[in-house]
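Undergrad: return atomic coordinates for the entry below.
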Amino acid sequence: MIRASLLALALTGAVAPLHAQQATPAKKLYCWNEGGRKVCGDALPASAVDAARTEINAKSGMATATLPRALTPDEKASAEAQARAQADAAAAAEAAHRRLMAMVTTFATEADLRRSFDNRVVLNRDAIKTARMGIDGLREGLVNRLRRAGDAELNQRPVPKKLADEIQAHHRQLLAQQAALASLQRESATIRAQMDEAVARYREMKPQPAGNAATQPAG
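TA: Residues are numbered from 1 along each chain as shown. Model (predicted):
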């Protein structure tokens with residue numbers, strides 16, 4: 001038993017250093033750019049903690065990781081806002097799909113389903129027409145004011161403050177109206193895509209006898 005105990009102690013003493021050696025993490029080197037030049041070291045100074053860097057295994061000389069620089073507060077806020085916008089868009093798309101499926105089960109015939117989309121198409125078309133008329137009016141008013149301001153400058157007269165304010169206001173309104181028109185045009189494409197999907201879903205759920213399905217496109 002004494003010999004067995006001594007042998008066990010000897011084995012334990014031999015294994016422990018090996019285990020400690022294996023558990024010790026490999027030493028790393030860091031390389032980063034500082035003042036336009038590449039700097040490497042076995043420790044990161046405080047000035048390089050947020051910098052883009054490459055981590056290298058000191059023993060093998062192989063790169064083990066490449067880390068981007070830390071985001072600035074503004075960039076982080078922008079990334080978070082973009083992530084929220086994407087999440088909101090995904091939630092809105094899912095809600096729209098649920099509404100679409102509810103609509104499909106509501107109507108008794110495909111013709112009724114198409115008529116509901118026809119109403120949306122007409123409303124959207126009228127809104128686009130109104131937006132274009134508003135843009136034409138704003139553009140004409142802006143051109144007239146710019147011409148007046150140009151005449152004043154050509155005659156070496158200062159542009160009246162009221163006229164300058166009107167030019168800026170008309171420009172802002174024109175940009176807003178153009179953005180609204182673009183949104184309405186996207187909505188028009190969305191309505192037609194939704195109608196095509198709704199009709200396809202309707203036909204899957206409620207197959208129509210040959211010759212009875214309405215096939216006229218909305219609008």
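
Undergrad: now do the helices in the protein.
TA: All helices of the chain, identified by DSSP state H, fall at 2-23, 73-106, 110-154, 161-205.

Undergrad: what about the third one, average pLDDT?
TA: Averaging the model's pLDDT scores along helix 110-154 yields 92.

Undergrad: for that helix, name the packing helices and strands.
TA: helix 73-106, helix 161-205 (3 or more C-beta pairs under 8 Å, 6 or more residues apart in numbering; DSSP states H and E). In short, each C-beta sits where N, CA and C put it, glycine included.

Undergrad: mean confidence score for the shortest one?
TA: Translated: helix 73-106. 77.

Undergrad: packing partners for it?
TA: Against helix 73-106 (3+ C-beta pairs under 8 Å, 6+ apart) you get helix 110-154, helix 161-205.

Undergrad: what separates that helix from the chain centre, distance-wise?
TA: Mean-position distance between helix 73-106 and its chain equals 10 Å (C-alpha atoms, centre = their mean, to the nearest Å).

Undergrad: so how far is stretch 135-143 off the chain centroid?
TA: Centre-to-centre, stretch 135-143 and its host chain are 33 Å apart (C-alpha atoms, centre = their mean).

Undergrad: show me the contact partners of that stretch.
TA: 167, 170-171, 173-174, 177-178, 181 (C-beta atoms under 8 Å, 6 or more residues apart in numbering).

Undergrad: can you name the residues that contact L113?
TA: L113 makes contact with 103-104, 107, 198-199, 202, according to C-beta under 8 Å, 6+ apart.

Undergrad: tell me the span between the first and last residue of stretch 58-65.
TA: Start to finish, the residues bounding stretch 58-65 are 13 Å apart (C-alpha to C-alpha, to the nearest Å).

Undergrad: buried residues in that stretch, which are they?
TA: Across stretch 58-65, burial judged by 16 or more other C-beta atoms under 10 Å covers no residue at all.

Undergrad: ditto for stretch 174-181
TA: 174, 177-178, 180-181.

Undergrad: over to stretch 159-170?
TA: 166-167, 170.

Undergrad: make CSV out of these and add distance to E55 and pLDDT.
TA: CSV is the format used below for those (distance: C-beta to C-beta, whole Å; pLDDT from 0 to 100):
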residue, distance to E55, pLDDT
E166, 60, 92
I167, 56, 92
H170, 56, 91
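
Undergrad: for Q178, what are its contacts?
TA: I135.

Undergrad: coming back round to it: ok, so of the contacts of stretch 135-143, who is nearest A92?
TA: Nearest to A92 out of the contacts of stretch 135-143 is L181 (C-beta to C-beta; 20.9 Å).

Undergrad: how many neighbours does the closest residue to the closest one other than its chain neighbours have?
TA: Distances taken as C-beta to C-beta, 6 or more residues apart in numbering place A131 nearest to L181, at 4.2 Å, with adjacent residues excluded. A131: 19 surrounding residues under other C-beta atoms under 10 Å.
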